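S.K.: Just to be clear, the model below is a prediction. Sequence and coordinates:
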Amino acid sequence: MLSVRSVPRRRSRGAAVAAVAALTLVAGPVAAGSAPDTGDAVLQPVTTSLRNTCEFPGAGSQPLTAGLTASFPTVVRAPEDLRAADVSVGLVLPAGTVTALRAAGMDSLAGTVRVNAFAQHAGKRAKAQAKAELPAQPLPDDGELVLRLPGELEPIATNAAGEVALTLDRPELILLGEAETGTGAETGAAGSPAGVFCTVEEGQDTALATVRVAAADRTPTPSTTTDPSTPGSTGSSTRSTIPSQSTVDTTDASSSAHRAGEGPPGAAADTANLCGTEIPPDAIQVRRGYYNVVVTAGVRKLDSDIVFGPPGYLGGDLWLWLRRNPDTGGILYCNGISGDLWLPETRDSFVIFRFVPASALVKVSQTAPAEGSVDPLEFVFEGTATAMMTMRDVRVNGTPLDVGPDCGTRVPIEIELSSEPGEWDLANGGVMESEYTIPEFANCGVTEPLDSLFTNLVSGPDNHIRIEFSPIRECSVPDPPPVCARPEEG
């Protein structure tokens, strides 16, 4: 299994500047895509690059700079999609990364590169991806490797006048060995892909472009996209007019930059079923980590919220597998997550019978690891978690009520985990919300049976749960939570 350490590495200012400059040079014009029909809008080319720390199979954590070049219209009319032209993805592997890959037995790179971006529009945050094919590229004997790959950026929906603010995020690499560039990659056979999971180094300017959205009945006026010369622009990202030169040009070797089945959200139906919500046997682990979580569990009958954490933890073992899209014939990249849930015991205060104050120590304990997958086109998570709810130290109007040591739900609570587009991400965390049912209670009461009392007071459907996730964190922490205390797998 692969495990990932996302510890940012310090690099000299000269190395960082050199990587950014290389990406600026490598982002030349490409033949991918055509200019969208934007009427009076003017196409403005932009380039943004970010430094990342990436976990390569066999080579460990290594620095990599990834960038996106595209031409955006200065204005679109709602509800037209925002489409980019002349899209290319740039990669810079520093000399040290190349040396480490060679030491791990790699002499070339081949596969697929995806660079994530986010679009903020009309109060919503949506995810879009730029995808590019990486044909077999030999690693140099020494020095860095600079690549320019033609690609396509998913169209971004608009629905109201205003603007779309685009920001760049982490890249994802799917590397295929010689034996896997054929049928293995297409069928998703065990061990065929090698996932490279990256984390963006902190302190960088992630802005890519800002595009005005005009109402359909108004005449649009051009508005400038993000300009590196704008006063107050900070950080280490690069945005500039695209020169026409590159260090390594793979345009000819990759005439088809966009795989079928990797189109915009909604391009293929029922992709959640294609990936499934369970981690399949042929999946490979691309990262081991955890999320800090705060869980707010509503109890409808008590009109009360039980807040678990901080700190609460959810193990974040990230998995990757490939599936064929039967609708388009393309390859779907499926990401999944599994992990143990640990929440602290918490005291909840509530009112029963409309006027009697009561409180209890409430504990939620998992009965199986949480597990689910990310829809590869809609970028939403769907999964499940199961846990028992127990109560102790119950007090009614200040008087102890002896419920015994095993008072809790008769069967586990089943929680359907789901996210909305742009609200949650494997690397950055976010928020998930859903409804759940509290089962009947059992084993409550020492001197008298109390199962019916708690069932009538607490159990029932339509209870709301909200889970807040931090960005994913590596398991190697000075004081690891229980979910990370397990030994590393070999």
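M.R.: Ah, there it is.

S.K.: When you work out contacts or count neighbours from here on, use the C-alpha atoms and nothing else.
M.R.: OK.

S.K.: Mind giving me the packing neighbours of the host helix or strand of Phe72?
M.R.: According to DSSP states H and E, Phe72 maps onto strand 60-73. In terms of contacts (3 or more Cα pairs under 8 Å, 6 or more residues apart in numbering; DSSP states H and E), strand 60-73 is packed against helix 13-26, strand 43-56, strand 85-93, helix 95-103, strand 108-121, strand 162-176, strand 207-214.

S.K.: Keeping just the C-alphas, turn the fourth one into PDB.
M.R.: Pointing back at helix 95-103 there. Output in PDB follows, covering the C-alpha atoms of helix 95-103 (Å, rounded to 0.1, in the frame of the first residue of the first chain):
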ATOM      1  CA  ALA A  95      16.100  17.800 -10.300                       C
ATOM      2  CA  GLY A  96      15.800  16.300  -6.800                       C
ATOM      3  CA  THR A  97      12.400  14.800  -7.600                       C
ATOM      4  CA  VAL A  98      13.700  13.300 -10.900                       C
ATOM      5  CA  THR A  99      16.600  11.800  -9.000                       C
ATOM      6  CA  ALA A 100      14.300  10.300  -6.400                       C
ATOM      7  CA  LEU A 101      12.000   8.800  -9.100                       C
ATOM      8  CA  ARG A 102      15.000   7.200 -10.900                       C
ATOM      9  CA  ALA A 103      16.200   5.800  -7.600                       C
END
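
S.K.: in that helix, what counts as buried?
M.R.: Residues of helix 95-103 classed as buried by neighbour count (16 or more other Cα atoms under 10 Å): Ala95, Thr97, Val98, Thr99, Ala100, Leu101, Arg102.

S.K.: is it true that the second one touches Gly60?
M.R.: No: with contact defined as Cα atoms under 8 Å, Thr97 and Gly60 do not form a contacting pair (9.6 Å).

S.K.: follow-up on the earlier one: CSV please, covering the buried residues of helix 95-103 and showing pLDDT and distance to Asp462.
M.R.: Converted to CSV, those look like this (pLDDT from 0 to 100; distance: Cα to Cα, whole Å):
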residue, pLDDT, distance to Asp462
Ala95, 95, 56
Thr97, 95, 52
Val98, 95, 54
Thr99, 95, 56
Ala100, 94, 53
Leu101, 93, 52
Arg102, 92, 56
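
S.K.: and those residues as a markdown table, adding distance to Glu202?
M.R.: Listed next are these as a markdown table, based on distance: Cα to Cα, whole Å:
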| residue | distance to Glu202 |
| --- | --- |
| Ala95 | 22 |
| Thr97 | 20 |
| Val98 | 23 |
| Thr99 | 25 |
| Ala100 | 23 |
| Leu101 | 24 |
| Arg102 | 28 |
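
S.K.: For Tyr291, state which of those is nearest.
M.R.: Of all those, the one sitting nearest Tyr291 is Thr97; the distance, using Cα to Cα, is 27.9 Å.

S.K.: Is Ala368 in a helix, a strand, or coil?
M.R.: When classified by DSSP: H, G, I helix; E, B strand; the rest coil, Ala368 comes out as strand.

S.K.: how about it, what does it touch?
M.R.: Going by Cα atoms under 8 Å, 6 or more residues apart in numbering, Ala368 touches Asp340, Ala385, Thr386, Ala387.

S.K.: can you pull out the helices in this structure?
M.R.: For the chain, the helices defined by DSSP state H occupy 13-26, 95-103, 183-187, 271-275, 451-458.

S.K.: Low-confidence stretches in the stretch 51-200 of the chain?
M.R.: Along the stretch 51-200 of the chain, segments meeting pLDDT under 70 span 177-194.

S.K.: Recalculate using a threshold of 50.
M.R.: Counting by pLDDT under 50, the stretch 51-200 of the chain has low-confidence residues at 178-191.

S.K.: Ignoring the adjacent residues along the chain, who's closest to Lys127?
M.R.: Closest residue to Lys127 apart from its sequence neighbours, by Cα to Cα, 6 or more residues apart in numbering: Phe118 at 4.6 Å.

S.K.: now Phe379
M.R.: Closest residue in space to Phe379, ignoring its immediate chain neighbours: Pro421 at 6.1 Å, by Cα to Cα, 6+ apart.

S.K.: show me what contacts the nearest residue to Leu341 once chain neighbours are set aside?
M.R.: Counting by Cα to Cα, 6+ apart, Leu314 is the residue found nearest to Leu341 once chain neighbours are left out, at 4.5 Å. Neighbouring residues of Leu314 by Cα under 8 Å, 6+ apart: Tyr290, Tyr291, Asn292, Val293, Gly339, Asp340, Leu341, Trp342, Val483.

S.K.: is it true that Pro311 touches Val293?
M.R.: Yes: using Cα under 8 Å, Pro311 is in contact with Val293, at 6.8 Å.

S.K.: Out of those two, name the residue with the larger neighbour count.
M.R.: Under the criterion of other Cα atoms under 10 Å, the comparison of Pro311 against Val293 puts Val293 first, with 24 against 13.

S.K.: which ones are touching the more buried one?
M.R.: Gly309, Pro310, Pro311, Gly312, Tyr313, Leu314, Ile467, Glu468, Phe469, Ser470.

S.K.: Not counting its neighbours along the chain, what's nearest the fifth one?
M.R.: Counting by Cα to Cα, 6+ apart, Asn292 is the residue found nearest to Tyr313 once chain neighbours are left out, at 4.8 Å.

S.K.: Could you tell me how many residues sit around that neighbour?
M.R.: Using other Cα under 10 Å, Asn292 has 21 neighbouring residues.

S.K.: With Thr399 instead?
M.R.: Residues lying near Thr399 (other Cα under 10 Å) number 9.

S.K.: How about Glu414?
M.R.: Counted with other Cα under 10 Å, residues neighbouring Glu414 total 17.

S.K.: just Leu302 next, same as before
M.R.: Leu302 has 16 nearby residues by other Cα under 10 Å.

S.K.: now the one 4 residues further on
M.R.: Here the neighbour count serves as a burial measure; for Ile306 (other Cα under 10 Å) it reads 17.

S.K.: What of Ala165?
M.R.: Look at Ala165: counted by other Cα under 10 Å, it has 18 neighbours.

S.K.: Identify the residues contacting it.
M.R.: Neighbours of Ala165 in contact, by Cα under 8 Å, 6+ apart: Ala119, Gln120, His121, Ala207, Leu208, Ala209, Thr210, Val211.

S.K.: Quick check: the closest residue to it other than its chain neighbours vs Leu82, distance?
M.R.: Leaving out its chain neighbours, the residue that sits closest to Ala165 by Cα to Cα, 6+ apart is Thr210, at 4.5 Å. To Leu82, Thr210 is 11 Å away according to Cα to Cα, to the nearest Å.

S.K.: Any idea how far apart the tips of stretch 289-307 sit?
M.R.: With Cα to Cα applied, stretch 289-307 spans 23 Å between its terminal residues.

S.K.: buried residues in that stretch?
M.R.: For stretch 289-307, the neighbour count (16+ other Cα under 10 Å) marks 289-300, 302, 305-307 as buried.

S.K.: sorry, back to before: and the buried residues of helix 95-103, which is closest to Leu322?
M.R.: Nearest to Leu322 among the buried residues of helix 95-103: Leu101, at 23.5 Å, using Cα to Cα.

S.K.: Report the spatially nearest residue to the closest one, omitting neighbours in sequence.
M.R.: Once flanking residues are discounted, Leu101 sits nearest to Ala59: 5.7 Å by Cα to Cα, 6+ apart.

S.K.: list the contacts for that neighbour?
M.R.: Counted by Cα under 8 Å, 6+ apart, Ala59 has contacts Ala100, Leu101, Ala103, Ala104.
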